[in-house]
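[1] Attaching a predicted model along with its sequence, questions to come.
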Amino acid sequence: MSTRIAFLKGHGTENDFVIVPDPDNVLDLTPAAAAALCDRRAGIGGDGLLHVVRSAAHPEARAMAADAEWFMDYRNGDGSVAEMCGNGVRVFARYLQRAGYVTEGDLAIATRGGVKTVHIAKVASDGDSAAGDITVGMGRALLPEGDVEVSVGERSWPARNVNMGNPHAVAFVADLGHAGDLYSPPPFRPAAAYPDGVNVEFVVDRGPRHVAMRVHERGSGETRSCGTGACAVAVATARRDGADPAVTGTPVTYTVDVPGGTLVITEHPDGEIEMTGPAVIVAEGEIDAGWLEGVLA
């Protein structure tokens with residue numbers, strides 16, 4: 001291991017990430033290493049870690065290498081592996097742009113949830129080239145059958161089961177304060193609905209096709225934003241409102257406020273969902289490998 005390891009820090013609507021560029025996949029980023037880097041007091045701090053690897057160099061992504069040069073090897077803040085992170089994809093794309101691997105326009109990024117299409121908006125010639133919004137094709141939502149219920153303290157609510165490549169339970173509440181502190185995973189039932197745990201979104205209405213949410217992200221606790229969660233919320237809200245683009249042939253768009261900002265979600269008649277929002281790189285530096293080896297000893 002080299003004596004120093006490059007890293008960057010970025011966020012998408014304040015869902016923040018440690019970014020570790022490793023094109024040839026030479027670093028041994030164990031779950032413990034990822035958790036140490038994401039520790040907000042003893043490490044760099046982040047909701048998750050974006051390990052930047054060429055698809056051809058990673059055993060989980062080689063089959064996607066013909067379609068996407070880069071693989072987002074994403075880890076939750078506790079070091080566990082996750083299938084997908086919508087805010088993370090935007091920040092991942094922003095890093096590729098900053099590093100000079102890509103420019104404005106379209107690109108494909110491999111994830112454990114499949115290959116995602118990304119569009120980096122072009123900004124005015126006198127603007128900040130890293131300030132434009134990024135749109136991510138998030139794939140299609142699956143709506144598993146069966147009733148689900150989530151609880152906080154003595155309150156319980158029915159929830160909509162939505163899968164965006166990772167599992168979500170979307171509950172509509174009267175007040176976002178009812179979600180509690182969201183440090184611990186809200187209990188849900190039946191247990192069989194989410195054998196590997198679930199991201200839980202609590203949602204209130206703000207206006208026509210405009211909602212606000214809080215989220216407990218599986219493996220991270222409450223985060224300031226969750227991209228796949230915002231998509232799940234938009235789909236669940238559309239169905240609650242009687243809107244289904246597959247039936248009407250008309251796209252439907254929802255504005256979703258998260259504690260860290262605002263995301264715009266559009267569901268198309270073919271089921272494809274697009275998410276648009278900001279992505280910002282705020283810092284870069286070096287990890288001391290001796291420190292990392294020490295905390296893992």
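    Arrived safely.

[2] Can you measure across stretch 14-26, start residue to end residue?
    Using Cα to Cα, to the nearest Å, one end of stretch 14-26 lies 29 Å from the other.

[3] And it, how far out from the chain middle?
    Computed by Cα atoms, centre = their mean, to the nearest Å, the separation of stretch 14-26 from the middle of its chain amounts to 14 Å.

[4] For it, buried residues please.
    By neighbour count with 16 or more other Cβ atoms under 10 Å, stretch 14-26 contains the buried residues 14-22, 25. Every residue, glycine included, has its C-beta placed from N, CA and C.

[5] so which of these would you say is closest to residue 254?
    When the buried residues of stretch 14-26 are compared for distance to residue 254 (Cβ to Cβ), residue 15 comes out closest, at 18.1 Å.

[6] Can you tell me which of the buried residues of stretch 14-26 is nearest residue 199?
    Sorting the buried residues of stretch 14-26 by how near they are to residue 199, with Cβ to Cβ, puts residue 15 at the top with 12.0 Å.

[7] Next up, the contacts around that closest one.
    Under the criterion of Cβ atoms under 8 Å, 6 or more residues apart in numbering, the neighbours of residue 15 are 47-48, 85, 87-88, 223-227, 258, 260.

[8] surely residue 90 meets residue 279?
    Yes - here residue 90 lies in contact with residue 279, judged by Cβ atoms under 8 Å, at a distance of 3.8 Å.

[9] Give the intersection of the neighbour lists for these two.
    For the pair residue 90 and residue 279, residues contacting each of them under the criterion Cβ under 8 Å, 6+ apart are 12, 134.

[10] Including neighbour count, could the contacts of residue 15 go into TSV?
    As requested, these are exported to TSV (neighbours: other Cβ atoms under 10 Å):
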residue	neighbour count
47	27
48	27
85	32
87	35
88	32
223	27
224	18
225	27
226	36
227	27
258	26
260	19
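
[11] Out of the residues you listed, which is nearest to residue 293?
    Nearest to residue 293 among those, counting by Cβ to Cβ, is residue 48 at 22.0 Å.

[12] you'd agree the closest one is up against residue 72?
    No - because the distance of 10.3 Å does not satisfy Cβ under 8 Å, residue 48 is recorded as not touching residue 72.

[13] Just the buried positions in the one helix or strand residue 162 maps to, please.
    Residue 162 belongs to strand 155-163 when assigned by DSSP states H and E. Of the residues in strand 155-163, those with enough neighbours to count as buried (16+ other Cβ under 10 Å) are 157, 159-163.

[14] Tell me who's in contact with residue 19.
    Residue 19 makes contacts with 7-10, 49-50, 52, 91-92, 95, 281, as judged by Cβ under 8 Å, 6+ apart.

[15] Just want the phi and psi numbers for it.
    Here the main-chain torsion angles of residue 19 (degrees, to the nearest 10) amount to phi -110, psi 120.

[16] And the pLDDT at it?
    The predicted local distance difference test score for residue 19 is 98.
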